[in-house]
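Participant: Give me the fold of what follows.
(one chain, ligands or ions: 1)
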Amino acid sequence: MTRKPDTALAQDIIEACRWMNASGINQGTSGNISMRCGDDMLLTPSGIPYDQMRPDMLCRFPITNDLDTAPRGNPSSEWRFHQSILYDNPAVMAVVHAHPAHATALAVQGHAIPACHYMIGAFGGADVPLVDYALFGSTALARMATQALRDRSACLLANHGAITTGDSLARALWRMEELENLARVYLLAKASGTPNILTSQQMAEVIEAFGSYGPKT
Ligand SMILES: [Zn+2]
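Facilitator: I've put the predicted structure just below:
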């Protein structure tokens with residue numbers, strides 16, 4: 001497999017950020033995206049509107065377990081959880097973070113998303129877990145999110161937003177879009193009755209049937 005030069009990867013990340021805002025998944029500059037780049041990672045900068053972001057503004061720094069030493073440059077305030085997740089799971093190539101309205105509404109209510117729909121299986125288990133509240137950008141948030149994403153490819157962050165991962169940027173983005181749609185469906189179902197939740201046996205069948213379901217890029 002040929003590896004894209006950094007500039008091309010950075011451009012992919014910028015386009016993904018712009019797509020998140022255009023699709024309504026994210027607002028303003030609250031979302032951030034990282035990608036593995038050999039032993040390093042590329043991460044969106046802090047506070048730059050996506051339409052003004054250029055490839056040379058992205059931050060590149062080594063993937064280590066050191067969450068005390070801030071990377072040089074102007075990395076997203078959430079550099080700790082991006083770095084920690086990429087360090088912890090070598091299969092993860094991209095990490096997407098956003099504040100999608102419906103997923104965040106559930107996170108504000110303190111709800112994980114149960115198996116209300118078979119597509120929950122796209123995240124690797126029978127629910128999308130909720131990470132306890134911790135200050136944005138903190139080491140505590142990074143450690144808890146990393147733990148939650150050991151056996152899942154999505155989690156909610158209490159009173160904050162959501163994170164998805166993927167073995168490609170396309171798959172991580174696809175999961176964020178799916179997560180927000182499922183959160184919307186679950187909220188609608190809760191608002192008009194009592195959702196029926198799939199059993200662990202039904203979800204085990206779904207996860208087995210999924211295989212490598214999702215975008216192939
Ligand atoms: Zn955030």
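Participant: CA only for contacts and neighbour counts going forward, please
Facilitator: OK.
Participant: Now do the strands in the chain.
Facilitator: Ranges of strands within the chain are 32-37, 40-43, 59-62, 94-98, 130-131, 154-157, 161-166, based on DSSP state E.
Participant: Could you look over those and pick the most buried one?
Facilitator: Highest mean neighbour count of the strands of the chain: strand 154-157, a mean of 29 (counted as mean count of other CA atoms under 10 Å).
Participant: Spatially nearest residue to Pro55 (excluding sequence neighbours)?
Facilitator: Ala10 (5.0 Å; CA to CA, 6 or more residues apart in numbering).
Participant: For the one you found, list the residues it contacts.
Facilitator: Counting by CA atoms under 8 Å, 6 or more residues apart in numbering, Ala10 makes contact with Leu42, Pro55, Asp56, Leu58.
Participant: rerun that using 10 Å as the cut-off
Facilitator: For Ala10, the contacting residues are 4, 16, 34-35, 42-44, 53-60, by CA atoms under 10 Å, 6 or more residues apart in numbering.
Participant: Then Ala16?
Facilitator: Per CA under 10 Å, 6+ apart, neighbours of Ala16: Ala10, Ala22, Asn32, Ile33, Tyr50, Val96, Leu169, Ala170, Leu173.
Participant: residue at max distance from the center of this protein?
Facilitator: Of all residues in the chain, Gly193 has its C-alpha farthest from the mean position, at 29.2 Å, by CA atoms, centre = their mean.
Participant: Can you list phi and psi of that one for me?
Facilitator: phi 160, psi -160 (degrees, to the nearest 10).
Participant: residue ranges with poor pLDDT in the protein?
Facilitator: 1-3, 212-217 (pLDDT under 70).
Participant: In it, which helix is the longest?
Facilitator: helix 169-191 (DSSP state H).
Participant: Show me which residues of that one are buried.
Facilitator: Residues of helix 169-191 classed as buried: 169-187 (neighbour count, 16 or more other CA atoms under 10 Å).
Participant: just stretch 142-150 next, same as before
Facilitator: In stretch 142-150, counting by 16+ other CA under 10 Å, buried: Ala142, Arg143, Met144, Ala145, Thr146, Ala148, Leu149.
Participant: Nice, that's everything, thank you.
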